[in-house]
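In: compute the structure for the input listed below.
(chains A and B)
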Amino acid sequence: MALEVTQILLNAQSPDGAVRKLAEENLKQFQEQNLAAFLISLSHELANNDKPPESRKLAGLILKNSLDAKEAPRKAELVQRWIALEPAVKSQIKSALLTTLSSLAADARHTSAQVIAKVAAIELPLNEWQELVGTLLGNMGGPNVEQPTHLKQATLETLGYVCEEVSADVLAQEQVNSILTAVVQGMNATETSNDLRLAATRALYNALDFAQTNFENNMERDYIMRVVCEATLSPDSRIRQAAFECLVSISSTYYDKLSVHYMQDIFTITSKAVKEDEESVALQAIEFWSSICDEEIEIQDEYSGDFSGDSEVPYFRFIKQALPALVPMLLETLTKQEEDQDQEEGAWNLAMAGGTCLGLVARTVGDDIVPLVMPYVQENVSKPEWRYREAATYAFGSILEGPSLEQLTPLVNVALNFMLNAMKDENTHVKDTTAWTLGRIFEFLHGPNVDNPVITQANLPLILGVLLESIKDVPNVAEKVCGAIYFLAQGYEEAGGTSSPLSPFFQGIVQALLATTVREDAADSRLRASAYETLNEVVRCSTEDTAPIVMQLVPVIMQKLNATLEMQILSSDDREKQSELQALLCGVLQVIIQKLGASESTKYGIVQYADQMMSLFLRVFACRSATVHEEAMLAIGALAYATGAEFGKYMQEFYRYLEMGLQNFEEYQVCAVTVGVVGDICRALDDKVLPFCDSIMTQLLKDLSSNQLHRSVKPPIFSCFGDIALAIGEHFEKYLIYSMPMLQGAAELSAMQTVRDDEMIDYNNQLRSGIFEAYSGIFQGFKNSKAELMVPYAGHILHFIENVYQDKDRDDVVTKAAIGVMGDLADTMGTNAAVLFQRSVFYKDFLDECTSSDDQQLKETAEWAQVTINRIIAA
Amino acid sequence: MAPSRIEHRVHKRVLSDQQRRRDIALQRQADGRRNLQQHARQLAAGLSSGEREDADGEEEVIVEAEGGESHELEGVGGESSSSKEDLKDVGLRQGTRLKGSKAREWFSKQLMLPEWMIDIPPRLKTDWYVMSRPAGVRCVVVSSNGTTVSRQRNGRVLHFFPSALPNGARTRDVSSASSVFCILDCIFHEPDKTYYVLDVMCWRGYSLYDCTTEFRLFWMNSKLAETEACQPPSQYNRYRFSVLPVYECDLGGLQAAYSAPVPYTRDGVLFVNRHAHYVLGSTPLSLVWKDAACSPYPVDTDSKGNVCQYQQVVLALGDDGSVATSDDPPVVLGTMPRQFLEQNANHLKSGTCLRFNIGEQGLRIVDGRPVVADIHFQGVAGRIKTADTCNKILYQYAARRDPLTISHLIAAVESYDDHGDFSMMASNVGGS
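Out: Numbers count the residues shown, from 1 in each chain, chains lettered A, B, ... in the order given. Model prediction:
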């Protein structure tokens, strides 16, 4: 059945485009004409040691891609296609794959290992290919059978991939035990082949999730930990790195199984690695401690300091115990900066990892870190060598989150002037880190909740003087300065009202930021984006007295947006730059519209430009790009909110972009944002949105039935039903037969939901809130004229409310929405609903719960619902 | 394949404003939705009669006052000025925000006015509550936007003051959403500077107009107790509020309302039907009764507090020269001589209120209504006077001649059993 495919596979990699294209056509035809023969041919090609490595590799790759794809619908299709193949065909392919594991060609073995895992991912959950694990373990040999090292290496790799692909419950505990035994044996220090030991260590990394039971058992756990720790001392750095990766994974998966006894050893080996080892290994060693911090911070958040008694997760305070040794180890890394590290986006090195870990340690232990770090800061911050000045500043900046304000405020009061001076340092790295540290000071020690603010009427002019001067520095420094201004402004946000301490400087700040956006050297870094985003925050935090300046910004930004439309677009690179800039500018306009539109006294500043803005947005849409689409959409939503019914005149032209947004399944954020804007428009236009509702509803219903659309968009779509119903009232009648089954279906599905992980619980709550918002809108919309239409649904809805009432995972938002719907139901249906309530027991308890809530909003809604229900029952 | 667990760590975090913008947009949308829902719920809970939403989606509820007073104003006032028309469309929440003359006009129609008890209603004991009525200024008390205003029946402001009612004072810890407001029906008793609460129409923005008396009074008692409003006066609660005890209308209740010691000057006894909604204007489901033992003013007095020799009535002049009560339809009690009207054409326009004495001949009453009266013209009533209702004329008439006494009332509640059985049988017979 197998056909000769070598030449086609080689041609498919030819440098000659025409040859390549033809070969690809051939492959495609072959696949379409006879899938079984095609796959068998590929597997034979992969297994055949006489074939060239190139054709074998491509054969394996095509096989792999025939079994798996990134997009869920495509993946499901491929899985079904494989399942449908004849058993004989499948077993022929699988047998070829297993044979390949013993090939001398390393590439072929490697590719085969991956393909086997893909097949396993499909078949093991269906209880097929049950012999796979046994066969693989057989490859590892035994007391009387010695197998070749390369086969064992490939087998371990395969086991690792299989563990990565399938979920833990698919394998029986015996199988897990055998796999772990084989893997841990391969990792043993007595193993002479480094390749084999490496494969085993990487396999363990993937198998760790399966080892729950084994980690419960002291002896097995001790053994695994010992082997992993020993592997961190291997002469091969690849093995050391892989072993540390295992430790990192263990630290988060099995934090509760760690004990001081392991931690002492781990501290010794990580500290050795950090001091002496290659960077790739040292980075993993530091990551181990960062990961422990993550765990302990999460535990503290979860139990908010109350560890007495029966908290489920033990809190060992490893970081606090290791502190005296850990902090010096981390401080030592800080002077290992790379030249030019700040220019490179995404750079990651020992100094950065050390500083990041130090910041996490500070968040974990709070005040205790201060006396351990401050001497280092004081000793080094003025040294002639820039590395020390930068390291000291970085250390200081890193510990600003975590310790109490009482500890930090006196230190920062002393340090602030020093930092402001350091913005004139001769070294750019020092300035970069200093500006970042200033930003952290403003973020954590300045704001309405801070009793002794470090920023005062007296030092504010100096601070702004320095910042507005330093924003002209090199791009990476200027970017950090933008961040500092961002947090400085944010600290005054709550002040609200008529004036802010920032008001006298407002004009200067805005000008400096605008000047930054047009710097020649801003375009290639994140500087321009940072400057615009900082401008957004400055506008958001502005007060009445600076509203005129914000208003003057409108034509300035519009002019800039207009200029992007004139840009010459010659390449995809140009297109991308244009999109990026349009996104930023639409973002600024959105923020300004929202700000000025929120107050009657400043709204005219927006309304007078509404026509021009809208025409700009429409032209931006015409350039078509997802990110711009989203930002322009958000801006339009804000504009609809600001202009109200006036927005109607734009609908004719805007509608097609609205529809495009609703159809954008791939970039689901765009779709979600557009759904939100439909709500804005409903509220703005009220019943004048009616002419567009047929198309909007059609689109929304399509979205709901699509399995391509990301599920997170579905709850907002339900809420949007409510917005539409509330806007058009009785006219929603014609959509009822489509929307009610969707709502009921979703409600039933959510009631049956049994998965209880946090993400699912969150989603379920969101979904239910959306459903309730839809019901509320529909009830309220039908209240005056069409209440009887809801009679067939009322029982179901009350039942759903009961269902949600009994859910222990229901959150406040759902509760509020549910109690609201209960009142709406009573209110709209009047005495028709009385009998439902009379038959219901739960509703009184639910009302009681809510009327005694501390949440004022919830309490009021519940009281209203109570009055309404009592009234219909009494009538 | 090497796992890179450290990719997620970011050195010197960079700003990301986009998610923030998204979040803020979502917040705006959620707020908008919530406001709209709440608004719809408020409308729903709005006044019983003639509610509708304005075409512009503005929050409006029509208040069509029921009963005599408002019709009398429209019919008698003769000036259908534009401002009055506008006010017809003013809703509850708007009403509480009105200022100046419009506020006065609006508030003048916001109280439920009891009729005078001329005869004893059936099922007095089972269907009615009884309470003692303090002498003082009847007023609507509204707390909203961090302040409290009391207005008299004519709409004039009595006090502007901070109170412990929800949103009744500018205090730190009180949420002051403008949707939070209360409307109470009170009597202000000057000597002890106390607002005695008769009824509650709105609590925290939720309307109780449609609720039965039973429910409103329960609500009033339990909700007021949750506030500090009934505590002694303080900086944030300048006047004390006091809930009037409400009694079942049995012998004990009646006696308590009639004669138990009270901390205020008693001015009669108030009966309220327990199934009644709070209607605006006068209603036969709320009745006031008094005699000399429970009121210093059992019969009408003049401005100096003296009882006039003759009963005085105020009637409105019609187009055809007739003079009539403010009932709907008006009850004509006489006609002014044409010649007299012609002589005084400048003063006596249709709608003008005129004062009369009731002479020795008195009234002729048929089916509980006066049909002819021996009335003697005294002069033009003050500009803000409104015509009397039949009910008032009859009560005062009876008070001077053959009043309903406390013993009648006691007899009614004591003999209830027979009376009750009888009426039940009657209704059963009627139904079968």
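In: okay, CA-based contacts and neighbour counts for the rest of this
Out: OK.
In: all helices of the stretch 701-850 of chain A, in order?
Out: Secondary structure of the stretch 701-850 of chain A, counting by DSSP state H, counting those that start in this stretch: helices at A:714-728, A:733-752, A:758-782, A:791-805, A:812-829, A:834-839, A:842-851.
In: mean pLDDT, distance to A:Val381 and mean neighbour count for these - can I get that in JSON lines?
Out: Below are the helices of the stretch 701-850 of chain A laid out as JSON lines (pLDDT from 0 to 100; distance: least, Cα to Cα, whole Å; neighbours: other Cα atoms under 10 Å in any protein chain shown):
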{"stretch": "helix A:714-728", "mean pLDDT": "95", "distance to A:Val381": "52", "mean neighbour count": "27"}
{"stretch": "helix A:733-752", "mean pLDDT": "90", "distance to A:Val381": "58", "mean neighbour count": "16"}
{"stretch": "helix A:758-782", "mean pLDDT": "92", "distance to A:Val381": "45", "mean neighbour count": "24"}
{"stretch": "helix A:791-805", "mean pLDDT": "92", "distance to A:Val381": "58", "mean neighbour count": "17"}
{"stretch": "helix A:812-829", "mean pLDDT": "93", "distance to A:Val381": "49", "mean neighbour count": "24"}
{"stretch": "helix A:834-839", "mean pLDDT": "89", "distance to A:Val381": "72", "mean neighbour count": "14"}
{"stretch": "helix A:842-851", "mean pLDDT": "92", "distance to A:Val381": "57", "mean neighbour count": "17"}
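In: in CSV: those, plus distance to chain B.
Out: What follows is the helices of the stretch 701-850 of chain A, written out as CSV (distance: least, Cα to the nearest Cα, whole Å):
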stretch, distance to chain B
helix A:714-728, 7
helix A:733-752, 18
helix A:758-782, 7
helix A:791-805, 18
helix A:812-829, 7
helix A:834-839, 15
helix A:842-851, 12
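In: which residues touch A:Cys720?
Out: Taking Cα atoms under 8 Å, 6 or more residues apart in numbering or on different chains, we find A:Cys720 in contact with A:Val675, A:Gly676, A:Val678, A:Gly679, A:Ala774.
In: should've said A:Thr201
Out: By Cα under 8 Å, 6+ apart, A:Thr201 lies in contact with A:Val183, A:Val184, A:Gly186, A:Met187, A:Val228, A:Ala231, A:Ile239, A:Ala242, A:Ala243, A:Cys246.
In: farthest-separated two in those?
Out: Maximum pairwise distance among the contacts of A:Thr201 (Cα to Cα): 14.6 Å, between A:Gly186 and A:Cys246.
In: could you list the low-pLDDT ranges of chain A?
Out: For chain A, the stretches with pLDDT under 70 are A:1-3, A:304-312, A:495-496, A:625-628.
In: give the buried residues for stretch A:57-72.
Out: Buried residues in stretch A:57-72, counted by 16 or more other Cα atoms under 10 Å in any protein chain shown: A:Lys57, A:Leu58, A:Ala59, A:Gly60, A:Leu61, A:Ile62, A:Leu63, A:Lys64, A:Ser66, A:Leu67, A:Asp68.
In: the residues you listed also near chain B: which ones?
Out: Among those, no residue lies close to chain B (Cα under 8 Å from any Cα of the partner chain).
In: just the residues you listed: which are in helices?
Out: A:Lys57, A:Leu58, A:Ala59, A:Gly60, A:Leu61, A:Ile62, A:Leu63, A:Lys64 (DSSP state H).
In: would you confirm that the fourth one contacts A:Leu46?
Out: It refers to A:Gly60. Yes: assessed by Cα atoms under 8 Å, A:Gly60 is found in contact with A:Leu46 at 5.9 Å.
In: what residues are shared contacts of those two?
Out: Common contact partners of A:Gly60 and A:Leu46 (Cα under 8 Å, 6+ apart): A:Ala108, A:Ser112.
In: which residues touch the residue found closest to A:Arg683 once you drop the neighbours it is linked to in the chain?
Out: With sequence-adjacent residues excluded and distances taken as Cα to Cα, 6 or more residues apart in numbering or on different chains, A:Arg683 is closest to A:Ala727, at 6.6 Å. A:Ala727 sits next to A:Cys682, A:Arg683, A:Leu685, A:Asp686, A:Asp687, A:Val689, A:Gly781 when contact means Cα under 8 Å, 6+ apart.
In: now, which of those residues sits nearest A:Gln153?
Out: A:Cys682 (63.1 Å).
In: excluding its backbone neighbours, what's nearest A:Leu323?
Out: Distance criterion Cα to Cα, 6+ apart; nearest residue to A:Leu323, sequence neighbours excluded, is A:Ile369 at 7.7 Å.
In: helices of the stretch 401-550 of chain A, start to end?
Out: For the stretch 401-550 of chain A, the helices defined by DSSP H, counting those that start in this stretch cover A:405-422, A:428-445, A:460-470, A:475-490, A:503-517, A:527-540, A:547-566.
In: so the third one versus helix A:503-517, what angle?
Out: For helix A:460-470 against helix A:503-517, the angle by axes from the mean of the first three to the mean of the last three Cα atoms, to 10 degrees is 10 degrees.
In: what sits up against helix A:460-470?
Out: The contact list for helix A:460-470 (Cα under 8 Å, 6+ apart) reads A:Leu420, A:Met423, A:Val477, A:Ala478, A:Val481, A:Ala484, A:Ile485, A:Phe505, A:Ile509, A:Ala512.
In: can you give me the buried ones in it?
Out: Those would be A:Leu460, A:Ile463, A:Leu464, A:Val466, A:Leu467, A:Leu468, A:Ser470, for helix A:460-470 by 16+ other Cα under 10 Å.
In: how about the helices of the stretch 401-550 of chain A in JSON lines, adding distance to B:Val180?
Out: Formatted as JSON lines, these follow (distance: least, Cα to Cα, whole Å):
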{"stretch": "helix A:405-422", "distance to B:Val180": "37"}
{"stretch": "helix A:428-445", "distance to B:Val180": "35"}
{"stretch": "helix A:460-470", "distance to B:Val180": "40"}
{"stretch": "helix A:475-490", "distance to B:Val180": "30"}
{"stretch": "helix A:503-517", "distance to B:Val180": "33"}
{"stretch": "helix A:527-540", "distance to B:Val180": "28"}
{"stretch": "helix A:547-566", "distance to B:Val180": "30"}
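In: and the residue nearest the centre of chain B?
Out: Centre of chain B computed as the mean C-alpha position; nearest residue by Cα atoms, centre = their mean is B:Leu111, 1.7 Å away.
In: report the contact partners of that residue.
Out: Residues near B:Leu111 by Cα under 8 Å, 6+ apart: B:Cys139, B:Val140, B:Arg153, B:Asp185, B:Val279, B:Leu280, B:Gly281.
In: would CSV of these with pLDDT, neighbour count and secondary structure be doable?
Out: Formatted as CSV, the contacts of B:Leu111 follow (pLDDT from 0 to 100; neighbours: other Cα atoms under 10 Å in any protein chain shown; DSSP: H, G, I helix; E, B strand; the rest coil):
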residue, pLDDT, neighbour count, secondary structure
B:Cys139, 91, 28, strand
B:Val140, 89, 28, strand
B:Arg153, 81, 19, coil
B:Asp185, 94, 22, strand
B:Val279, 80, 22, coil
B:Leu280, 79, 23, coil
B:Gly281, 78, 20, strand
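In: of those, just say which sits nearest to A:Gly491.
Out: B:Val140 (44.4 Å).
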